[in-house]
Every structure is written in structure tokens, then in C-alpha cells.
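[1] got a structure for you, letters missing:
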């Protein structure tokens, strides 16, 4: 090697080493400075273009960062780290499809590029493709078995899928590798919370807080668990601790308001809700909770005005439409209430038996029942959910669908027919929010003796439905509507004084019910030991 080439190689090595040091130290401006100085003389060096692109992005110059990373790939089309870094920039900018493409390019060149596989898994998870995300995280762990962030990602995906036992096992593996992993303890606590192991969840959150006393999520989650146990004063202390660490934590302000309301601290609760709304003007639940505070004070005018202001800005929002129905009941405005919520026209029964035949539907329901009861995500419902004395699955449209593949087109056909002839006028708030495109979420509920669901809505959805797979004999023709679905009853925590009008529907195997997601509904408890299996679904605007 000539002396000139040797000096250049030494210069590249020095610049590269210094740039990496600055980036690792959180000094991207310094890294950018030395990279750009080098590139003025050697503008086509792929390695320095790569580092300079990362530095520019971290300095807030996203376009320049993309330009430099793409230039690095022109110079070296198989530069896997540059593909990975370009993917990271696109991911940070919310350009997920482009990020995924870059990660896949890196993986195509180097099948064992663990970082690219991990980043791909995160992008897929963000996109809601959970079965693919699970596979991607497992691929990372096959390549690099001790990669702790992949355990964290896998554990969280399994939790979302409802496979709580598996999620807990993965979090245990993570903590065996990294006992001081704060988020690992906190996330393990959230899994235990979902498993209704509240004391164990509190212990996990405590472990996280002992490692990092200012961990806002662990403090918040502790408050949620204590609130679930009815220990509101203790919950308030943890919520305040979370806000000390993160003053802009909106969900903490909302829950703090609820806990303060439950302990009779009305003025402080109102301040907490108003703080949440200042931080997040679009936060529907904060508005609903503040409206309920007005109900408690019998200030119906303020409650109604709050609903109208929010719905003017967010037409068709399910949470506020549901709360407005309560306010209209309290005001005694029956005509407006019936226009908003008409159980006769808006709740539509569909018989799938008419479409596929009695024998075929009976066989399908039998296979569905077996599939649901053997599903790995079927778990006892925690008290934070609406199901009581029963089990529910996670998402059923991910992974191997089994017989769901036969049911799904029937559900979509019923949804399309409902949308084609909406039961309301074109200017109705339900019609206004009709989505041009949607994605479908589907899960199952298995109830046993005294099993039921408390009154609830589906706030993130536009249209919801329930399909009955297996119904106990005692439910048929029940005089007290035991085991039936009831529309109109509202949650007990609301401070409403009027008695709502309700309508019940008798569940029958093969019956499908469609209804706007903002209509409150519940299952009436029944006493038989026979199981009752239903499948619920949401049409969620894309």
C-alpha cells in the first residue's frame, strides 16, 4: 500500500472512530461536523456517508440524513448497516412501509442481521400484524439468543395476543438474563395484572420502582392496580408520584381524577380532568369523566354542553355519543334520545342459517366451539375487562385462523349489507362516521354459571357485533332474560339517576347481531353450568 493510501486509510479510521464515539455519547452535532469535513474531500465514502446520515437525522435534519444514507447505498449497494439505518430514519418519521422495505433489503443481503430483524419486528408490530411480529422476534432470538430487547418485544406481542402464560414465561426469561431490567419488571407486572394476580403485579411494579424510583409507568401501573382493588388513597399517591416523574402523562391525570372523584375530592378531580384535557384536547375519556363529574353535581347543562363541544370537533365519536345518551336521559329528552339510540332499528339481527343452511351452520359452530376452547389465548378474564366469571380469547384473526376462515367472509358480508342500508339518516352522527375502509377485530367469550358481561361500549370502533356459537338450553325463552344480551343499561360508576329504557335479545346459535359501537350493552347473568360461547367483533375505521 502506498503511503498516500495508508494515510487516507488512517484518516478514515480516525474519523469513523470519532464519529461513532460522538454518536454513542449523544453528541450528533460533533459527529456530523467531522463527517461533513471528511466528505468535502472524499464525498463518495460509503462508511462516512452512513455515519453522517445518522448524525444529521439525530440533529433533526431528516431529509439530509436520508440523502446521505441513500448516497452511501449508491456507493455500496450491499451496505446492510446503511439499509438498517435508513429504515430507522423512515420508522422514526412514521414512514413504516418504507422502513420495512429497507429492513428487508438488509436481511436479504445478510440473513443473520439481528438488528434488521429486530427493527423489522417492531415495524410489523406497530402495523398490527402480530403473528408476523411474533415470528420476527423469535427469529432475532434464534440468531442472538441473549438479545434482551427481543424478549421484551416478544413478551409484549404475546400479551396483546392474549397468550398470557407464554408472555409471562418470556418476561421471566428476560429477567433471568437481565435482573435489573426496569421495563422488564414493569411489563411483567402488566401481564400479571391481566391475569388478575394483582398482588403479584404490585410486587413486580415495586421491583421496577426500587431500581428506578422515577419510573412513571411503574408508578402509574401501581396506581391502576390499587384502584382496581378499591384502594383509592394509595392509588392517588402513586399517580402523584408518576406525575412528578412525567408531568405531561395524560392517562395519569385522567385516572387521578377518577380516584379523587371516588374519594369525594370533587374540586381536585375536576382540576385533574381539566389538566388532562389541556394536555390532550382530543382525549375522549377525560371528557366523559369530566361530564360524569357534572352529572354528580346535577349540572346537566354543563354535561350537555361538554358533549356538544366535543362532538362538534369529533363527529360520531363513540365514547361521547354513548355519554350523550345518558345526558339526554337525565334531561328527560326522550325524542332526542330515541333519535340517537333506537334499539328497534339500530340493532339488527342476521340469521346465518338462512345463508349456509342448518346442517352446515351446526357443523361450523361445533368446530368453532372446539377451536375457541382450545385456543392458546383463552384465559380467565381479569376484572379490568367487562367479562365476569368467564374467559375470553385474544385476537382471533391473527395466526392460524382455523374455522374462523369460514366464518370471516360471512361476518364481512353481513357488515357490508348493514353499511349498504344504514338504519339512520345521512346526517345522523353514526352515518357521518361511516368509514370508507376498516379493519376487523374478532375475539370470543366463554361464560359459565353466573357468567356475564357488565354494561360497556366499544369506544375505538364504529360498528360492533356478536355471533352466538353455543347457547345453554336454560337461556331459551327465559322469563327473566337470563343469558340474554341487553341494550341500554349503563355502567354503575356513572352518576345518573334516571332509569334507562332497555331492550333484550334472546341469543340463539347461529344468530348474529349488529349495532353501533356507542350503544351500551351487557349480558344478563344466568345460573346454568352449561357454557355459553359467543364471538364479538369490531369494525374499526382504518
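    Cool, got the structure. Predicted model, so just to flag it, every value in this text is computed and none were measured.
[2] spit out the contact partners of the residue nearest the centre of the chain.
    The residue lying closest to the centre of the chain (CA atoms, centre = their mean) is residue 160, at 7.7 Å. Residues in contact with residue 160, defined by CB atoms under 8 Å, 6 or more residues apart in numbering, are 130, 394, 395. From N, CA and C alone the C-beta is placed, and that goes for glycine too.
[3] so residue 446, which of the three states?
    Under DSSP: H, G, I helix; E, B strand; the rest coil, residue 446 falls in the strand class.
[4] report how many residues lie close to it.
    Residue 446 has 23 neighbouring residues, counting by other CB atoms under 10 Å.
[5] pLDDT score for it?
    Note on residue 446: pLDDT of 93.
[6] for burial, what's the neighbour tally of the nearest residue to it once chain neighbours are set aside?
    The shortest distance from residue 446 to any non-neighbouring residue, by CB to CB, 6 or more residues apart in numbering, is to residue 391 (4.7 Å). Using other CB under 10 Å, residue 391 is surrounded by 22 other residues.
[7] which strands or helices does the helix or strand where residue 236 lies pack on?
    Residue 236 belongs to helix 232-245 when assigned by DSSP states H and E. Helix 232-245 sits against helix 216-228, helix 250-262, with contacts defined as 3 or more CB pairs under 8 Å, 6 or more residues apart in numbering; DSSP states H and E.
[8] state the mean pLDDT of that helix.
    The pLDDT scores in helix 232-245 average 98.
[9] what lies in contact with that helix?
    Outside helix 232-245, the residues that reach it (CB under 8 Å, 6+ apart) are 214-217, 219-220, 222-224, 226-227, 249, 252-253, 255-256, 259-260, 262-263.
[10] how about stretch 166-173?
    151-152, 154-156, 158-159, 184, 187-188, 191-192, 195, 376.
[11] and residue 29, which of the helices and strands packed on helix 232-245 is closest to it?
    helix 216-228 (28.6 Å; CB to CB).
[12] contacts for that closest one?
    182-183, 185-186, 189-190, 193, 198, 201-202, 205-206, 208-209, 212, 232, 234-239, 241-243, 245-246, 249, 251-252, 255-256, 258-259, 383-384.
[13] got a quick ChimeraX command for the buried subset of the contacts of helix 232-245?
    ChimeraX command restricting these to the buried ones, with burial defined by 16 or more other CB atoms under 10 Å:
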select :215,216,217,219,220,222,223,224,226,227,249,252,253,255,256,259,260,262
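[14] the helices in the stretch 51-200 of the chain, which residues?
    All helices of the stretch 51-200 of the chain, identified by DSSP state H, counting those that start in this stretch, fall at 62-75, 80-92, 96-109, 114-126, 130-143, 148-160, 164-177, 182-194, 198-211.
[15] so which of the ones you listed gets nearest residue 352?
    Taking these one by one with CB to CB, helix 130-143 is closest: 26.2 Å.
[16] that closest one versus helix 148-160: what angle between them?
    150 degrees (axes from the mean of the first three to the mean of the last three CA atoms, to 10 degrees).
[17] need the next SSE after the helix or strand of the chain with the lowest mean pLDDT, C-terminal direction.
    Using mean pLDDT, DSSP states H and E, helix 3-24 stands out as the lowest-scoring helix or strand of the chain, at a mean of 72. Downstream of helix 3-24, the next assigned helix or strand under DSSP H and E is helix 28-41.
[18] could you dump the helices and strands packed on helix 232-245 into CSV and include mean pLDDT?
    Below are those laid out as CSV (pLDDT from 0 to 100):
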stretch, mean pLDDT
helix 216-228, 97
helix 250-262, 98
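[19] residue 477: which of the ones you listed is closest?
    Comparing those under CB to CB, the one sitting nearest is helix 216-228, at 37.2 Å.
[20] re earlier: need the helices of the stretch 51-200 of the chain in TSV (columns: mean pLDDT and distance to residue 513).
    As requested, the helices of the stretch 51-200 of the chain are exported to TSV (pLDDT from 0 to 100; distance: least, CB to CB, whole Å):
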stretch	mean pLDDT	distance to residue 513
helix 62-75	93	48
helix 80-92	93	40
helix 96-109	95	35
helix 114-126	94	32
helix 130-143	94	27
helix 148-160	95	26
helix 164-177	96	29
helix 182-194	96	27
helix 198-211	97	33
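[21] JSON lines for the ones you listed, including distance to residue 314?
    Formatted as JSON lines, those follow (distance: least, CB to CB, whole Å):
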{"stretch": "helix 62-75", "distance to residue 314": "30"}
{"stretch": "helix 80-92", "distance to residue 314": "28"}
{"stretch": "helix 96-109", "distance to residue 314": "25"}
{"stretch": "helix 114-126", "distance to residue 314": "24"}
{"stretch": "helix 130-143", "distance to residue 314": "28"}
{"stretch": "helix 148-160", "distance to residue 314": "26"}
{"stretch": "helix 164-177", "distance to residue 314": "33"}
{"stretch": "helix 182-194", "distance to residue 314": "29"}
{"stretch": "helix 198-211", "distance to residue 314": "33"}
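[22] out of those helices, which is closest to residue 439?
    helix 130-143 (12.5 Å).
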